[in-house]
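# model the structure of this input:
(chains A and B)
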Amino acid sequence: QQKVQQSPESLIVPEGAMTSLNCTFSDSASQYFAWYRQHSGKAPKALMSIFSNGEKEEGRFTIHLNKASLHFSLHIRDSQPSDSALYLCAVSHNTGNYKYVFGAGTRLKVIA
Amino acid sequence: EAAVTQSPRNKVAVTGGKVTLSCNQTNNHNNMYWYRQDTGHGLRLIHYSYGAGSTEKGDIPDGYKASRPSQENFSLILELATPSQTSVYFCASGDTSNSDYTFGSGTRLLVI
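Residues are numbered from 1 along each chain as shown, chains lettered A, B, ... in the order given. Reported below is the predicted structural model:
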């Protein structure tokens, strides 16, 4: 069964800093990789996703994927207090009928 | 606007009682999912469905049943609720053409 682990469990960074969040997975046949963000008391919302090795950038957010290392990461440039949230990584074995296994999350706090 | 609506938002149930959590989506998505979220575990998949009339077991199905009577509706049923089922339950919808899930706002269930 797929195991998805995140590190660190929690993180406090100053406003303007670069934040790096990590996710490892166990199934080398995994096809799709995503990050979700969940503000306190709210529903998780899709942030970014990737399916091929390499890097994808959207605004201040960048995903890196290395399938051989069973690792992907999320980097937040110029972190803002509004980025404070629980970040969940998710891995799907399938594309099409996606069925995500989520990590336990990294709780990020950005201090002004 | 496409949405996923869960009801009730909060529920207190007694041990041994029957609980039904409801989910309705207006996204016209084929796929629907039930997850529970507990501190330290992230989101864990209970049941999912790829269309009306179908349900599949997720990673932690024991003690839960699911029902998908229509494209729009997906219910999670706890026939004999136990205190270990105290959690926050999230419903999500998704489709083959888009890797992103849309989550509902969650149902907070307390079993006493």
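
# rest of the way, CA atoms for contacts and neighbours
Noted.

# can you tell me which residues contact the residue nearest the centre of chain B?
Computing the C-alpha centroid of chain B and ranking residues by CA atoms, centre = their mean puts B:Trp34 first, at 3.0 Å. For B:Trp34, the contact set (CA atoms under 8 Å, 6 or more residues apart in numbering or on different chains) comprises B:45-48, B:76, B:89-92.

# the helix or strand of chain B with the lowest mean pLDDT vs chain A: in contact?
The least trusted helix or strand in chain B, going by mean pLDDT, DSSP states H and E, turns out to be strand B:98-103, with a mean of 90. Yes. Under the criterion of CA under 8 Å from any CA of the partner chain, strand B:98-103 makes contact with chain A via B:98-103.

# most neighbours, which of the residues you listed?
When neighbours are counted by other CA atoms under 10 Å in any protein chain shown, B:Phe103 leads the residues of strand B:98-103 next to chain A with 25 neighbours.

# quick one: that residue and A:Gln38 touch, right?
No. B:Phe103 sits out of contact with A:Gln38 when judged by CA atoms under 8 Å, with a separation of 10.5 Å.

# what sits in contact with each of the two?
Common neighbours of B:Phe103 and A:Gln38 are listed as A:44-45 (criterion: CA under 8 Å, 6+ apart).

# how about the helices in chain A?
For chain A, no helices are identified by DSSP state H.

# hang on, the earlier thing: can you narrow the contacts of B:Trp34 to ones near chain A?
For chain A, the contacts drawn from these by CA under 8 Å from any CA are B:45, B:90.

# may I ask which two of the contacts of B:Trp34 are separated the most?
Pairwise distances across these peak at 13.1 Å for B:Tyr48 and B:Tyr89 (criterion: CA to CA).

# which residue comes closest to the residue of chain B positioned farthest from its centre once chain neighbours are left out?
Taking CA atoms, centre = their mean as the measure, the residue most remote from the mean C-alpha position of chain B is B:Ser97, 21.7 Å away. The spatial neighbour of B:Ser97 that comes closest, neighbours along the chain excluded (CA to CA, 6 or more residues apart in numbering or on different chains), is A:Gly96 at 6.5 Å.

# is it correct that the one you found is in contact with B:Asp100?
No. Assessed by CA under 8 Å, A:Gly96 is found out of contact with B:Asp100, at 10.7 Å.

# what about stretch B:14-33, near chain A?
Yes. Against chain A, stretch B:14-33 shows contacts by CA under 8 Å from any CA at B:Asn31.

# roughly how far does the nearest residue to A:Ser30 once chain neighbours are set aside sit from B:Asp100?
Distances taken as CA to CA, 6+ apart put A:His93 closest to A:Ser30, at 4.2 Å, once the chain neighbours are dropped. According to CA to CA, to the nearest Å, A:His93 stands 14 Å off from B:Asp100.

# likewise for A:Ser10?
Distance from A:Ser10 to B:Asp100, by CA to CA: 25 Å.

# ok, now B:Leu76?
Applying CA to CA to B:Leu76 and B:Asp100 gives a distance of 22 Å.

# number of nearby residues for the residue nearest to B:Gly42 when sequence neighbours are not counted?
Residue nearest to B:Gly42 in three dimensions, not counting chain neighbours: A:Ala104, with 3.7 Å by CA to CA, 6+ apart. Neighbours of A:Ala104 under the rule other CA under 10 Å: 25.

# what of A:Ala112?
11.

# can you check B:Arg44 too?
Residues lying near B:Arg44 (other CA under 10 Å) number 22.

# what's near enough to touch it?
Residues near B:Arg44 by CA under 8 Å, 6+ apart: A:101-102, B:35-37, B:59-60.
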